[in-house]
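*Asks:* Please work out how this folds:
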Amino acid sequence: MTAGQASEPFLMTGFDKKVLHLLADKACRFLIEVDVLGNGTWVPYESVAVSQGPYAYHVFPAGFSAHWVRLTPSVSCTASAEFIYT
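*Replies:* All right, here's what the predicted structure looks like:
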């Protein structure tokens, strides 16, 4: 991932419980942005730091709703993001 460049969007709507799992090859902060209405309007939601080891996670509040989500790293890195929805 390139520093400051947003990822492709991930579909997020239709699930009650959501967790984001992140792996990165170096210390990095990921900005989580959401498109609540599905109209292309992105707003900052939260940021997650991968700093103590290569792994971090974020649990979204129960019932959190947005159509799309994307991630933007603070530094260029090799990273993997997995969204688990139930």
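*Asks:* what kind of secondary structure is S47 in?
*Replies:* Put simply, S47 is strand when judged by DSSP: H, G, I helix; E, B strand; the rest coil.
*Asks:* thought it was touching L31?
*Replies:* Yes - with contacts counted by CB atoms under 8 Å, S47 reaches L31, the gap being 5.1 Å. For glycine as for every other residue, the C-beta is placed from the backbone atoms N, C-alpha and C.
*Asks:* Do I have it right that A6 meets P73?
*Replies:* No - with contacts counted by CB under 8 Å, A6 stays clear of P73, the gap being 9.3 Å.
*Asks:* Compare these two (neighbour count), which wins?
*Replies:* Between A6 and P73, P73 has the larger neighbour count (other CB atoms under 10 Å), namely 23 against 14.
*Asks:* backbone phi and psi for the more buried one, please?
*Replies:* Backbone torsions of P73, given as degrees, to the nearest 10, read phi -80, psi 150.
*Asks:* can you pull the contacts of the closest residue to it other than its chain neighbours?
*Replies:* Nearest residue to P73, sequence neighbours excluded (CB to CB, 6 or more residues apart in numbering): M1, at 4.6 Å. Neighbour list for M1: S7, L71, P73, S76, C77, T78, A79 [criterion: CB atoms under 8 Å, 6 or more residues apart in numbering].
*Asks:* Likewise for E33?
*Replies:* Listed by CB under 8 Å, 6+ apart, the contact set of E33 reads A6, W42, V43, P44, Y45, V69, R70, L71, T72.
*Asks:* hmm, 6 Å instead?
*Replies:* For E33, the contacting residues are W42, P44, R70, by CB atoms under 6 Å, 6 or more residues apart in numbering.
*Asks:* Parallel or antiparallel, list what pairs with the helix or strand harbouring it.
*Replies:* Applying DSSP states H and E as the criterion places E33 in strand 28-35. Each strand paired with strand 28-35, and its direction, by DSSP bridges: strand 43-50 (antiparallel), strand 68-73 (antiparallel).
*Asks:* out of the ones you listed, nearest to A24?
*Replies:* Among those, strand 43-50 comes nearest to A24, with 4.3 Å by CB to CB.
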